[in-house]
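[1] Quick one, fold the following:
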Amino acid sequence: MSISSKKSVAAPVKPRSAPRNEVRIIGGQWKRSKLALADRAGLRPTPSRVRETLFNWLGQDLNGWRCLDAFAGSGALGFEAASRGASEVLLVEQDVAALAHLQQIKLRLRADTVRVLRGDALAVLRQRSGQGLDLVFLDPPFCTDEPATLLLAALAAARACLTENGLIYLEAPRIWRTDELAALGLQVQRQGQAGQVAFHLLRSDRF
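    Numbers count the residues shown, from 1 in each chain. Model prediction:
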């Protein structure tokens with residue numbers, strides 16, 4: 001697995017938007033498949049243009065990658081990775097209604113490489129420490145009382161899960177500074193912003 005270290009914020013052509021109660025997978029074997037959204041407060045799927053940019057950065061073929069979507073929500077990021085060939089995708093979600101939607105989508109797509117787990121994202125990340133993940137998605141709700149505190153803990157736990165060339169995708173209400181991330185042992189590979197969504201692709205500095 002490899003990725004260029006050159007930063008880029010160029011936005012691709014925006015795909016046709018889906019209705020508010022669903023999102024669509026952008027690429028891979030399930031391209032254009034609809035993902036129904038649970039009617040839950042705070043559920044904020046990663047916008048299509050951001051997902052397209054992210055998977056342009058990662059490359060369209062994720063064959064063999066092991067991924068964990070720690071705050072799965074709609075499942076858009078995890079199912080997108082599985083659609084592009086990831087060999088293992090763990091979706092972690094605590095909300096019961098959102099979890100039921102994820103299970104339904106998994107069954108409908110016959111997504112055998114996807115596992116849906118009810119649990120606390122931080123606890124699951126800490127349990128997976130040292131297990132050599134290729135990609136961890138961190139996209140927690142922006143409406144939490146202390147989002148920065150949550151992200152600090154999640155970033156530290158995710159870093160400990162990575163394989164040598166592993167990556168963390170971070171979505172947040174603002175761009176995180178280089179020095180903030182360096183204090184966590186992380187380096188910025190790419191970053192961008194679309195409206196109120198700031199997104200980052202990070203690599204550990206321990207390898």
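
[2] ok, and what's touching the helix-or-strand element of the chain with minimal mean pLDDT?
    For the chain, counting by mean pLDDT, DSSP states H and E, strand 34-36 ranks last in confidence among helices and strands (a mean of 83). Counting by Cβ atoms under 8 Å, 6 or more residues apart in numbering, strand 34-36 makes contact with 18, 21-25, 45, 74-76, 79, 101, 104-105, all of which sit outside it. (Each C-beta comes from the backbone N, C-alpha and C, glycine too.)

[3] and the next element down the chain from that strand?
    Downstream of strand 34-36, the next assigned helix or strand under DSSP states H and E is helix 48-58.

[4] low-confidence ranges in this structure?
    Across the chain, the ranges flagged by pLDDT under 70 are 1-20, 38-44, 142-147, 207.

[5] ranges for the strands of the protein?
    22-24, 34-36, 66-69, 88-93, 114-118, 133-138, 162-172, 186-194, 197-204 (DSSP state E).

[6] Would you pull up how far the fourth one lies from the middle of the chain?
    The one in question is strand 88-93. Once both centres are worked out by Cα atoms, centre = their mean, to the nearest Å, strand 88-93 turns out to sit 10 Å from its chain's centre.

[7] As CSV, could you dump the C-alpha coordinates of it?
    Output in CSV follows, covering the C-alpha atoms of strand 88-93 (Å, rounded to 0.1, in the frame of the first residue of the first chain):
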residue,chain,number,x,y,z
GLU,A,88,-11.8,-6.7,6.2
VAL,A,89,-14.0,-3.8,7.3
LEU,A,90,-15.2,-3.5,10.8
LEU,A,91,-18.1,-1.0,11.4
VAL,A,92,-18.4,0.1,15.0
GLU,A,93,-21.6,1.9,16.1
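
[8] between that strand and strand 133-138, how big is the angle?
    Between the axis of strand 88-93 and that of strand 133-138 there is an angle of 20 degrees, by axes from the mean of the first three to the mean of the last three Cα atoms, to 10 degrees.

[9] Who are the packing partners of strand 88-93?
    For strand 88-93, the packing partners by 3 or more Cβ pairs under 8 Å, 6 or more residues apart in numbering; DSSP states H and E come out as strand 66-69, helix 76-83, helix 96-109, strand 114-118, helix 121-127.

[10] what about burial for the contacts of strand 34-36, which qualify?
    For these, burial is judged from neighbour counts taken by 16 or more other Cβ atoms under 10 Å, and it is met by 23-25, 45, 74-76, 79, 101, 105.

[11] contacting residues for residue 203?
    For residue 203, the contacting residues are 165-168, 186-187, 189, taking Cβ under 8 Å, 6+ apart as the criterion.

[12] Tell me which residue lies farthest from the centre of the chain.
    residue 179 (22.5 Å; Cα atoms, centre = their mean).

[13] So for stretch 46-61, what gets flagged as buried?
    Within stretch 46-61, the residues scored as buried using 16+ other Cβ under 10 Å are 46-55, 57-58.
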